[in-house]
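Student: following is a predicted model, sequence given first.
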Amino acid sequence: MTTISGEFIRRTQRRSGRSVRTGPLLAPAVGLLLAWMIVPLVLTLWFSMQYYNLLDPLSAGFAGLDNYSYLITDDGLLAAILRTLVILFAVLALSVGFGVMFALLFDIEFAGRGVARLLIIAPFFVMPTVTALIWKNLLMHPVNGLFAYLAKLVGLTPIDWFVQMPMTSIIIIVAWQWIPFATLILMTAMQSLDREQMEAARLDGSKGWSTFVHIILPHLLRPISVVVMIETIFLLAVFAEIQVTTAGGPGTATTTLTYFIYNKALLQWDVGAASAGGVFAIILANIVAAFLIRTVARNLEN
């Protein structure tokens, strides 16, 4: 009886597997997702090949590649791309570095560890605009900020951060937002570390740095790759922190590619040039994404 029942169940499963087709069930969601992605991309490509300036609507028409050639000859485009990459790699280095350090620190038992974990992760849940306002008015203000107060206590001249060190200020603010994310991912990864392997290494005479390099760091390579890839997606589009603190200045000192496109679209009303800038942003994002995906795949293979 048991054999007959088992054979019946297997036949039923094979029959149901052949009869149920999941494609039609997924089609509406996949179609909506594709439309959501493809329609804006097609419109961006279309507007990038049009003369479309809201201040001069009578000069509309097909522009071909004129908007692209106009941006390529604009020195501001290359400078904006370079600033974007500087912010990207600086924030990635800081977030991964501090994330690893905090993950190691919170892997140790100490009084108040739970509260400390909560506090270190909390900045990630603060909105970018609020974060920028906190740093601009409470911490980095050259007169009333905390840093200015501390500088005066030791007899130093306060720094006007957003005038004297604008790029450094933006990097600090954005890194402060993303270090908690890296800490959370890496701290979680530390929980799956083989403690018996750590104990065996300690008994074999492995010191702190040797243990970190040969055991802990290889274990964290995969989560670090995930952190880098996820953060890159968002860091290429940093905008709110710049808008609230420096508005792309002084001059164009903090004008990234995202802010460059914003200037073209909403300050100069040149929709065609802004759309061409958006295409350049898509190309840049795909180049960086391809590099990161290959890096992640290499780590996963190892």
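Tutor: Cool, the structure landed.
Student: can you list contacts of stretch 98-112?
Tutor: 113, 116-117, 120, 175, 179, 181-183, 185-187, 189-190, 193, 212, 216-217, 220, 224, 227 (C-beta atoms under 8 Å, 6 or more residues apart in numbering). Glycine gets a C-beta too; all of them are placed from N, C-alpha and C.
Student: please redo it, this time with the cut-off set to 6 Å
Tutor: 117, 120, 179, 182, 183, 186, 187, 190 (C-beta atoms under 6 Å, 6 or more residues apart in numbering).
Student: buried residues of the host helix or strand of the second one, list them for me.
Tutor: Secondary-structure assignment from DSSP states H and E places residue 120 in helix 113-121. Taking 16 or more other C-beta atoms under 10 Å as the basis for neighbour counts, the residues of helix 113-121 that come out buried are 117, 120, 121.
Student: out of the residues you listed, who's nearest residue 45?
Tutor: residue 121 (40.1 Å; C-beta to C-beta).
Student: apart from its neighbours in sequence, what residue is nearest the closest one?
Tutor: In space, and not counting its chain neighbours, residue 121 is closest to residue 180: 4.6 Å by C-beta to C-beta, 6 or more residues apart in numbering.
Student: thought that neighbour was touching residue 126?
Tutor: No: counting by C-beta atoms under 6 Å, residue 180 sits too far from residue 126 to count as a contact (9.4 Å).
Student: so these two - more neighbours on which side?
Tutor: residue 180 (23 against 14; other C-beta atoms under 10 Å).
Student: and what about that one, helix, strand or coil?
Tutor: helix (DSSP: H, G, I helix; E, B strand; the rest coil).
Student: for the stretch 1-150 of the chain, which segments count as strands?
Tutor: Secondary structure of the stretch 1-150 of the chain (DSSP state E, counting those that start in this stretch): strands at 50-51, 61-62.
Student: hmm, who's touching the first one?
Tutor: Contacts to strand 50-51, defined as C-beta under 6 Å, 6+ apart, come from residues 59, 60, 61, 63, 272.
Student: quick one: residues contacting the residue nearest to the spatial centre of the chain.
Tutor: Residue closest to the mean C-alpha point of the chain, counted by C-alpha atoms, centre = their mean, is residue 231 at 2.5 Å. The contact partners of residue 231, taken as C-beta under 6 Å, 6+ apart, are residue 178.
Student: buried stuff in the host helix or strand of it?
Tutor: Using DSSP H and E, residue 231 sits within helix 217-235. Buried residues in helix 217-235, defined by neighbour count with 16+ other C-beta under 10 Å: 219, 220, 221, 223, 224, 225, 226, 227, 228, 231, 232, 235.
Student: what's the distance between the first one and residue 121?
Tutor: Using C-beta to C-beta, to the nearest Å, residue 219 is found at 21 Å from residue 121.
Student: flag the shaky bits of the protein, pLDDT-wise.
Tutor: Along the chain, the model assigns pLDDT under 70 to residues 1-20, 204-205, 296-302.
Student: follow-up on the earlier one: next, format the buried residues of helix 217-235 as a markdown table and append distance to residue 198.
Tutor: Shown next, in a markdown table, are these (distance: C-beta to C-beta, whole Å):
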| residue | distance to residue 198 |
| --- | --- |
| 219 | 10 |
| 220 | 13 |
| 221 | 17 |
| 223 | 17 |
| 224 | 19 |
| 225 | 22 |
| 226 | 22 |
| 227 | 22 |
| 228 | 25 |
| 231 | 28 |
| 232 | 31 |
| 235 | 33 |
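Student: ok, these vs residue 88, which is closest?
Tutor: residue 235 (4.8 Å).
Student: count the residues that sit near the closest residue to the closest one other than its chain neighbours.
Tutor: Once flanking residues are discounted, residue 235 sits nearest to residue 88: 4.8 Å by C-beta to C-beta, 6+ apart. As a burial measure, residue 88 scores 22 neighbours (other C-beta under 10 Å).
Student: do the one 3 residues further on as well
Tutor: Residue 91 is flanked by 26 other residues according to other C-beta under 10 Å.
Student: pull the contacting residues for it.
Tutor: Contacts of residue 91 by C-beta under 6 Å, 6+ apart are 171, 174, 175, 178, 235.
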